[in-house]
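Asker: Model the following, please.
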Amino acid sequence: MQDLLTTLARSAAADWIDIRYHRRQVRTAAVRKGQLTAASSNVVSGVGIRVLAGGGWGFAASADLSAAALRRTLDKAVRAARALGAGRKSPARVATEARGPVPFNPPPVPPRTDFEQMLQQVLATEARVRAASSRISSGMVSWSELDDERVLVNSAGQAFAFREVRPEFRVQAVAENAGEMQTSSNNVGVRGGLAELFAGGDAESLAEMSARQAVDLLSAPYPEGGKATVILHPGVVGLLAHEAIGHTVEADFVLAGSIAAGKLGRTVASPLVNLVDSGLEEYGRAPAGALPVDDEGVAAGRTDVIRDGVLVGYLHNRESAALFGVAPTGNARAFEYDDEPLIRMRNTFIEPGVTPLSEMIAGVKQGYLLEGPGGGQADANAEFVFGVQRAWEIKDGKLGKLHRGVTISGQAFDVLGSVDAVGTDFSWGIGAGYCGKKQRCKVDAGGPHLRCTVTLGGAQKEIQSTNAMG
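Answerer: So this is what the prediction gives:
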């Protein structure tokens, strides 16, 4: 396949060609209230061809992998590029590195997960949720896995072939008492195999934790609303970093006028804040957004977005990098073979600081420790509203009562500007989810505990997980 695609890439007169073969197997098992609701294995494969010719971009895809069909697909992409280029006021162009090899470290392929084993694990875990307490009325558990084989070639003479596996495991418990219902969920997603998936705790632990949290929330009061000093758990920090900051610095959104436009070199956060987007495996467990190269053949690396509180970088594909006069950052990603690469995040996080969590708590007169990222939304002005599952009251430097029904809101850069302590710990928090910018994408995000100021809401309806910019 690689030889065929390389020959094809060399055969057309164009300013740029990238060709991507992608075979994906998706396996899923899900159980609700003891009943199997999903048990499937599906395979999709094909080739996507993108061409820059005549100042415009053309894209076409084919599930037929014969040489003749791929030639027709290439011709279709070239015709589309020239037609679209004729209508552009300024021709598109791309930033390229030197021709030839680039640093390439394909990930190790984990042992293949036995489907029957995972089906039994899902059934057992859901049963464990319901057995944990008489107040648990429902349990929902699911496992799914993306197993991707990719071959990428381009007109710069680069060629890459690799396989990646990204599993996820989700556990949800619903507790009920006298008509009152509370839900708790704990999810994990990684790039790797079962060893990486359960590195932070086994399925049974997730079941018991979810059930206990749901039951505890039944008797928890609502918090007082208004401005509050809070300590954000790493999962909530990751949600903030991805949804409310990360999207504003994607170069296509910057060009469309996001709040980050024109702010390079300006202070946008506390000097304690360092925010990064990286395709590398950093800080332990294999994050779900790690990748060896992006779908334009740019090697994975790390991009500083905020350094010592100063906005220092945007996230680019080859085209936006050429417009800004910088090197591409490896952020062009496509979900399936018939999706065109877009500027997407990978693993977005705030780096650890120097303050232990115990000291952060001791320094709070009145506030909350917030954990359990829920749904939410953010816009191009970095205004956000997020749900948080649990809020622990802090009084005079000590943890107190558990509260429920929490939402947080604010302007993300203002929130980062209020940061006065950054924890020494680190964990990833949203690897079981998908970013939804026009097409789905596997990402991760996290950080350390973070002390800052947000607007806290009390009794709120569940927020749907959306991205107002996607």
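Asker: Run through the neighbouring helices and strands of the lengthiest helix in the chain.
Answerer: Taking DSSP state H as the criterion, the chain has its longest helix at helix 67-86. Applying 3 or more C-beta pairs under 8 Å, 6 or more residues apart in numbering; DSSP states H and E, one finds that helix 67-86 contacts helix 2-9, strand 35-53, strand 56-62. For the C-beta atoms, the positions are set from N, CA and C on the backbone; glycine is no exception.
Asker: what comes into contact with that helix?
Answerer: By C-beta atoms under 8 Å, 6 or more residues apart in numbering, the residues outside helix 67-86 that reach it are 4-5, 8, 11-12, 14, 17, 19, 47, 49-62, 64, 91-92.
Asker: Selection in PyMOL covering whichever of these are buried, please.
Answerer: With 16 or more other C-beta atoms under 10 Å as the criterion, this PyMOL line picks the buried residues out of these:
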select buried, resi 4+5+8+12+14+17+19+47+49+50+51+52+53+54+55+56+57+58+59+60+61+62+92
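Asker: Rounded mean pLDDT for the helix or strand harbouring Ala173, please.
Answerer: Assigned by DSSP states H and E, Ala173 belongs to strand 159-177. Averaging pLDDT along strand 159-177 yields 97.
Asker: Equivalent analysis for stretch 263-278, please.
Answerer: 98.
Asker: got it, and stretch 243-251?
Answerer: On average, stretch 243-251 scores 97.
Asker: Show the end-to-end separation of that stretch, please.
Answerer: Stretch 243-251 has an end-to-end distance of 15 Å (criterion: C-alpha to C-alpha, to the nearest Å).
Asker: helices and strands of this protein: which one has the lowest mean pLDDT?
Answerer: Within the chain, no helix or strand scores below helix 2-9, which has a mean of 90 by mean pLDDT, DSSP states H and E.
Asker: list the helices and strands the helix or strand that it is followed by packs on?
Answerer: Using DSSP H and E, the helix or strand that directly follows helix 2-9 along the chain is strand 16-32. Judged by 3+ C-beta pairs under 8 Å, 6+ apart, the packing partners of strand 16-32 are helix 2-9, strand 35-53, helix 115-131, strand 136-154.
Asker: OK, contacts around Thr348?
Answerer: Thr348 makes contacts with 238, 241-242, 245-246, 275-277, 289, 305, 443-445, as judged by C-beta under 8 Å, 6+ apart.
Asker: Please state the backbone phi and psi of Pro221?
Answerer: Main-chain torsions, Pro221, degrees, to the nearest 10: phi -80, psi 170.
Asker: so what does the least confident helix or strand of the chain touch, helix or strand wise?
Answerer: So helix 2-9, by 3+ C-beta pairs under 8 Å, 6+ apart, packs with strand 16-32, helix 67-86, strand 136-154, strand 159-177.
Asker: Contacts made by that helix with the rest, please.
Answerer: Contacting residues not belonging to helix 2-9 are listed as 17-19, 21, 47, 49, 67, 70-71, 74, 151, 153-155, 159, 161 [C-beta under 8 Å, 6+ apart].
Asker: Which pair of those spans the longest distance?
Answerer: Greatest spatial distance among those (C-beta to C-beta): Arg71 and Ala161, at 21.2 Å.
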